[in-house]
Structure formats: structure tokens, C-alpha cells
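[1] what follows is a predicted protein model with its sequence.
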Amino acid sequence: MIKVADRGRVSPFIVMDVMRAANEREAVRGDVIHLEVGQPSTGAPRGVVEAAKAAMDGDALGYTDSLGIPALREAIAGHYRDWYGVDVPVGRIAVTTGSSGGFVLSFLSAFDPGDRVATVAPGYPCYRNILGAFGIEPVILEGSAADRYQPTPALLEAAHREAPLDGLIVASPSNPTGTVLGGEEFRAISDWCATRQVRFISDEIYHGIAYGGPAPTAAAIDPDAVVINSFSKYFSMTGWRLGWMIVPPDLVRAVECLAQNLFISPPTLSQRAAVAAFDCHEECEANVAVYRRNRALLLDGLPAVGFDRLAPADGAFYLYADIAGLTNDSRDFCARMLSETGIAATPGVDFDAARGHAQMRFSYCAATADIETALERLARWRS
């Protein structure tokens, strides 16, 4: 029998399986409400689309520098000056093929097989799956409601005593819980990593989508942190497959060489168009206003239909629900909900292998009318 590599035997990204099932139902019945995937219902901002059309008319769209076109890297640096008051050298900015490309480049450049990298559960499943595929050991920290489902120095210290940690991945705002680390909490984690020479990777792809004030960036706190961001969420550019990294000086050349060999360059058309994204904040803020309204509807409506144990929703566009009173099998529960109501949502086992059987995630970046219809259907289903 021909060998199949162990690194390919990673766990599935279950939300994509849910989306496939939802799309299959939608093709037949056309009644699906997508609350499963973190994909804005809006398209890219108008300025981005216009820039893409201009690039298609006047640009050969060949390869670019592996770290991205200068105009986009400069625009990203300007974004950090404008939003955070932080001066980031353009030479430390790498444009990537989505934030997923950023995770691949950061993990490969910072860690070796056998290294131990901590991440909290519930959390984005692709962290642990990508780490595992690279032979890096994901160390799961069990987050709690008391700690807002975020890592703490105490959790890190306990894991570090078992065996030294080499890295930590933090997401704020987080997926799936939507919680945001405050400035003091963020600095405490950063200081813990710096003291123990643990590589700090900050996933900031939901920055711009917060409801109680902006989330702090690691770029303002730790010059040795890796910062990963994306055009997919705030800028509504999921299918354009474009993100960026802020890379510490000691990793810049490694990231560049890996990018040259793995990706050659990020998508050229997307890069040309994305330069215009930073002039489209008015349209993006209008989208955030919709998320805020949808969030309010769900926070009011979900408890009334039995989903009354929700994680704090400080940012991003998710509500994470404890459904232990409804089921002990979140995957089956979500499958039945799709079958019987046409509402697609994500089972918690995607985000927390140990406890997710009694948890699930609702995404609320759909149109407000869809959120209202979903609550009506859930009320009938749960009556």
C-alpha cells in the first residue's frame, strides 16, 4: 500500500463541513440561513472593487515581491499610525495569502517539530490543526468564563511547568467567543512571554469589529510579537484571500524565504485592490453597525428560545452558547437544526474538543433580516 503522510490526517475544519451541508440543502430548497461561517454577507467595499477593475484593465497582474507590493505595505503601515499611533517599519510588514498564509509562515518560521505552542480552548481550530500537521505540539489551555475564555499568566505558567512552552497564540477579539483582552491583561500575557522567551503570536483579524472600545494591538506592546491580520473580516474581503503580518526583525528573512518557496507571492489583483481598502472606512463602519444591531437582536432573542448561557460578545461577530441543557451532542444538534429549520450553525466540538459537545457558535454577520427570520424559526422549533 502506498504511504499516506501522517501530517495529512488532521482533524477537519468542521464549520466547512457544515457549510457544505448547508449549501447542498440551499441548492435544493433555497431556505438556508447561514449562521455557521464567519463570512460577512456584504461584498468588498466599492472602492476596492473599482480599484480591482482598474487593475484588470491596466495591469499585467504578474508576480509581485513575495512580501507584497510596496504600495500595500506602505498603506498597512499608515493604518497602524492612524488607528493605533504605532510606527511599524514597512520592512517588517509581509502581505500574505489570507491570514491562513500568515499562520503557516509564522509557525514554520518560529517553531521546529516537537516545539510546544499554547492556545486557548474554545479557540480557532486551525491553529491546532496546522501546528499538528507541522509536527508542532499544540498545548490546549482550558479557558473559563471567569477568564473570559482567554489565556492568563496562571494558565500559561501551569502549562510551562509541565514542559517549557515555545510559543503562544492569542486571538482578541476571539473566535468563537468574541471576547476581547483589555490592555492590562494583554500586557500581562506579553510580559509573561517576554520573560520566558516564548514567541507571542497575536491574531488580530477581527480588529475594527468591537463594541466596547478598540482592541489593543501587540504591535504597540511587544516588538518581538508576530501580529497577523486579514482583509476578510472588517473589510469584507473573504474570497480575495489576502492578509498581512507584522514580523519581528529576527524572522523577516525567514518569512520572506518561506513565502518565496511556498506561495511565490500573494494574489496580485487582490493586492492592487486592497490599497484602496484603507480609504473605505465609512462603508466598513456601516457594516460594523449592522453587526452591532444583529448582536443586540440575538442577545435579546436567543435566551427567549432556550439559548440563555452566552459568552461575553465584546467583538467579532459570534455568540458562543453553552447548550448543556439542550444536548450532549452539539454536532447532532446542529445537524438537526439545519434539517428541521434551515438554520446552519457550528457545533462547539470544532472549537473545543473536550467540552464542545455541549457548546455551539452562532455567527451574526448575515443580513439583519436573516437574523430576524432565524429567531422566528428557532422560536417555532423550540416551542
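    Happy to help now that I have it. Residues are numbered from 1 along each chain as shown.
[2] kindly list the longest helix within the protein.
    When the chain is parsed with DSSP state H, its longest helix is helix 281-301.
[3] centre of the chain to whatever helix or strand comes next after that helix, how far?
    As assigned by DSSP states H and E, the chain's next helix or strand after helix 281-301 is strand 318-322. Averaging C-alpha positions (CA atoms, centre = their mean, to the nearest Å) puts strand 318-322 15 Å from its chain's average.
[4] tell me what angle strand 318-322 forms with helix 281-301.
    Relative orientation of strand 318-322 and helix 281-301, computed by axes from the mean of the first three to the mean of the last three CA atoms, to 10 degrees: 20 degrees.
[5] so what does strand 318-322 touch, helix or strand wise?
    Under the contact definition 3 or more CB pairs under 8 Å, 6 or more residues apart in numbering; DSSP states H and E, strand 318-322 sits against helix 281-301, strand 359-363. (Glycine included, C-beta is placed from N, CA and C.)
[6] now whichever helix or strand comes after that strand, how far from the centre of its chain.
    Of the helices and strands lying after strand 318-322 in sequence (DSSP H and E), the nearest is helix 330-341. Offset of helix 330-341 from its chain centre (CA atoms, centre = their mean): 24 Å.
[7] excluding covalently adjacent residues, which one is nearest to R241?
    G98 (4.5 Å; CB to CB, 6 or more residues apart in numbering).
[8] can you give me the buried ones in the longest helix of the chain?
    If you call a residue buried by 16 or more other CB atoms under 10 Å, then helix 281-301 has these buried ones: 281, 283-284, 287-288, 290-291, 294-295, 297-298, 301.
[9] from those, pick the one nearest L105.
    C284 (25.7 Å; CB to CB).
[10] residue contacts, the closest one?
    C284 is in contact with 45, 208, 234-236, counting by CB atoms under 8 Å, 6 or more residues apart in numbering.
[11] just to revisit the earlier point, out of the buried residues of helix 281-301, flag the one nearest to T177.
    Nearest to T177 among the buried residues of helix 281-301, with distances taken as CB to CB, is R295, at 13.0 Å.
[12] ok, the closest one - contacts?
    Counting by CB under 8 Å, 6+ apart, R295 touches 211, 313, 317, 319, 364.
[13] okay, now the second one: neighbour count?
    Yep, that's A313 we're talking about. Using other CB atoms under 10 Å, A313 has 24 other residues around it.
[14] quick check, it in contact with G178.
    Yes. Assessed by CB atoms under 8 Å, A313 is found in contact with G178 at 4.3 Å.
[15] what touches both of those two?
    With CB under 8 Å, 6+ apart as the test, A313 and G178 both reach L319.
[16] how's the chain carved up into domains?
    Domain assignment of the chain by automatic domain parsing yields the ranges 6-44+281-382, 61-279.
[17] let's have the ones you listed in CSV, adding distance to K53 and mean pLDDT.
    Formatted as CSV, those follow (distance: least, CB to CB, whole Å; pLDDT from 0 to 100):
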stretch, distance to K53, mean pLDDT
domain 6-44+281-382, 11, 95
domain 61-279, 9, 97
